[in-house]
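In: predicted model follows, preceded by the sequence.
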Amino acid sequence: MNFTYSAEQIEFRDVLHALLQAEVGAERIRARWDTASGRDAALEAQLRDFGLYSLMFPESLDGLGLSVIDCALLAEVCGRAALPEPAVETMMVASPLLVDVLDRGLGNGSVQAVIEGVMSGDARVAVSHAINPHVNFVEDAHWVIAGVADAIYLLPRDKVEVTPLKSVDPSRRIAKIDFDPEEQYRLAEGEAAAAVLRSTLNRGALSVAAQLVGLSEVLVEQSVRYASDREQFGRAIGVNQAIKHHLADVAVQIEYARPVIARAAYTLSVSPERADIAVSHAKLAAARVGLLAARHGIQVHGAMGYTWECNVHIWSKRIWALVREWGDEGFHKNRLQQWLLQSNALLGPEFTFGRRSLLPDSRVSDPVSADTAA
């Protein structure tokens, strides 16, 4: 299966990478921990001008009309930077959720105004889901989209009660919300709401998986640099096979996770109703490599790796926070198990990554992907 990105996609990714490399670093991230908002307003303005908040809105709404494939590539870059601002949540969760509501003819008059506000940078939207009840940066949001039972609500921030919580990652400002489910704020209910929430869960899990790969890659790079510079008994510690093997294990798992994430992004783009299995596979693969990278990265740095002063903690703590976002390991393993135990489950490489993976067989309810090659 061909997962080669186009020259335009690579160039777009590289431009964002250069921007974040210049504007986001360990010291600037640490500085946010001591601020009330935890945000950098100047950077958010740059991200808006870059078009990050308009990517998944269709051209008919004055957006850029890009796909989840493009956004997954950019989410990985945001992960590499350990970006504190909730740009990925806006790009891959809130924005397409609003588009879903419009496409299905749901919602109320506020939806269009919220979309315009997101693209202009004048409105911040936080999303709460049953599988992800602790909402990041909800305190200073203008709107909150909340899924409760079999309904979805779009609420002004002043209609939501927020209880701040403490995250293992100081860059995250998570909170629990509570509100009265008034009918005037309801966007959808019943099967329509369930379909939107399911798509939102899958996009959220994919966005986390992509970030975890980016975070893991940086931890390998940091550890390689440290192992090359740190000397013990007259030679760099990186010459020791134990360290080489630790970091090589992470590097290999990163390469295993990337095509799985690309497959999930492609499936979400062309057949979102069949994406559950692909997304759960991606989230599990990314969480596995993320936890491995955090453990080995800290170990390679030795005793200093366990201290706050070591920058490896910034990336490690983000990993520890994200592995439970949009479904933990148990949730996604359960989705995989339910599919694998079906009597008519399509197993084998020709179905996992081949052209036969999008069969028009209504009996098969599992999400699998198709070959992107011509």
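Out: All right, it came through fine.

In: dump the residue contacts of residue 304.
Out: Residue 304 makes contact with residue 310, according to CB atoms under 8 Å, 6 or more residues apart in numbering. (C-beta placed from N, C-alpha, C; glycine too.)

In: same thing but at 10 Å, please
Out: 226, 230, 298, 310, 312 (CB atoms under 10 Å, 6 or more residues apart in numbering).

In: leaving out chain neighbours, which residue sits closest to the third one?
Out: What sits nearest to residue 298 in space, not counting adjacent residues and going by CB to CB, 6 or more residues apart in numbering, is residue 305, at 4.0 Å.

In: how about the second one?
Out: Distances taken as CB to CB, 6+ apart put residue 237 closest to residue 230, at 5.0 Å, once the chain neighbours are dropped.

In: hmm, back to that, check contacts around the residue nearest to residue 298.
Out: Counted by CB under 10 Å, 6+ apart, residue 305 has contacts 222-223, 226, 296-299, 312-313, 316.

In: what's the distance between it and residue 261?
Out: To residue 261, residue 305 is 27 Å away according to CB to CB, to the nearest Å.

In: can you check residue 218 too?
Out: 16 Å.

In: who's more crowded, these two?
Out: residue 261 (26 against 20; other CB atoms under 10 Å).

In: could you report the pLDDT at the nearest residue to that one once chain neighbours are set aside?
Out: With CB to CB, 6+ apart as the criterion, residue 261 has its nearest non-adjacent residue at 4.6 Å, and that residue is residue 282. In this model, residue 282 is scored at 97, pLDDT.

In: correct me, but residue 282 touches residue 209?
Out: Yes. With contact defined as CB atoms under 10 Å, residue 282 counts as touching residue 209 (4.4 Å).

In: still on that earlier bit, out of the contacts of residue 304, who has the most neighbours?
Out: Counting by other CB under 10 Å, top hit in these: residue 312 with 23 neighbours.

In: and residue 162, that one's in a helix?
Out: No. Under DSSP: H, G, I helix; E, B strand; the rest coil, residue 162 falls outside any helix and is assigned strand.

In: which element, helix or strand, includes the closest residue in space to it that isn't next to it in sequence?
Out: Nearest non-adjacent residue to residue 162, counting by CB to CB, 6+ apart: residue 175, 4.8 Å away. Assigned by DSSP states H and E, residue 175 falls within strand 174-178.

In: ok, the helix or strand following that strand: who's next to it in the sheet?
Out: As assigned by DSSP H and E, the chain's next helix or strand after strand 174-178 is strand 186-189. The pairing partners recorded for strand 186-189 under DSSP bridges are strand 151-156 (antiparallel).

In: next, the buried residues of the strand it pairs with.
Out: 151-155 (16 or more other CB atoms under 10 Å).

In: for the residues you listed, which one is nearest residue 114?
Out: residue 154 (6.9 Å; CB to CB).

In: tell me, what's the model's pLDDT at that closest one?
Out: Confidence score, pLDDT, at residue 154: 95.

In: distance of it from residue 236?
Out: For residue 154 relative to residue 236 (CB to CB), the value is 56 Å.

In: quick one on the thing from earlier: pLDDT score for the residue nearest to residue 162?
Out: Value for residue 175, per-residue pLDDT: 96.

In: ok, residue 2 next?
Out: 64.

In: then the one 4 residues further on?
Out: Predicted confidence (pLDDT) at residue 6: the value is 88.

In: that one contacts residue 70, doesn't it?
Out: Yes. Residue 6 is within contact range of residue 70, at 9.3 Å (criterion: CB under 10 Å).

In: coming back round to it: show me which of the contacts of residue 305 are buried.
Out: So, by 16+ other CB under 10 Å, the buried ones in the contacts of residue 305 are 222-223, 226, 296-298, 312-313, 316.

In: kindly indicate which of these lies nearest residue 325.
Out: residue 316 (15.3 Å).

In: wait, that closest one sits on residue 295?
Out: Yes. Between residue 316 and residue 295 there is a contact at 8.4 Å, judged by CB under 10 Å.

In: find residues that contact each of those two.
Out: Taking CB under 10 Å, 6+ apart as the contact rule, residue 316 and residue 295 both touch residue 219.

In: re earlier: among the contacts of residue 305, name the ones in strands.
Out: With DSSP state E as the criterion, strands contain none of those.

In: return the subset of the residues you listed lying in helices.
Out: Those of the contacts of residue 305 mapping onto helices are 222-223, 226, 296-299, 312-313, 316, per DSSP state H.

In: what's the average pLDDT for the strand or helix carrying residue 246?
Out: When elements are assigned from DSSP H and E, residue 246 belongs to helix 241-270. Averaging pLDDT along helix 241-270 gives 92.

In: show me what that helix is packed against.
Out: Here helix 241-270 touches helix 68-80, helix 190-229, helix 276-300, going by 3 or more CB pairs under 10 Å, 6 or more residues apart in numbering; DSSP states H and E.

In: residues contacting residue 47?
Out: Neighbour list for residue 47: 16, 19-20, 23, 40, 53, 78, 83, 85, 87, 90-91, 121 [criterion: CB under 10 Å, 6+ apart].

In: sec struct for it, please.
Out: Per three-state DSSP, residue 47 ends up helix.

In: from here on, count from 50
Out: Got it, the first residue is 50 from now on, which makes the last one we talked about residue 96.

In: so what's it scoring on pLDDT?
Out: pLDDT, residue 96: 94.

In: any weak-confidence spans in the stretch 50-199 of the chain?
Out: Residue ranges of the stretch 50-199 of the chain with pLDDT under 70: 50-52.

In: for it, which segments count as strands?
Out: Assigned by DSSP state E, counting those that start in this stretch, the stretch 50-199 of the chain shows strands spanning 174-177, 184-185, 192-197.

In: let's have those strands in TSV, adding distance to residue 81 and mean neighbour count.
Out: Shown next, in TSV, are the strands of the stretch 50-199 of the chain (distance: least, CB to CB, whole Å; neighbours: other CB atoms under 10 Å):
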stretch	distance to residue 81	mean neighbour count
strand 174-177	18	25
strand 184-185	13	24
strand 192-197	22	23
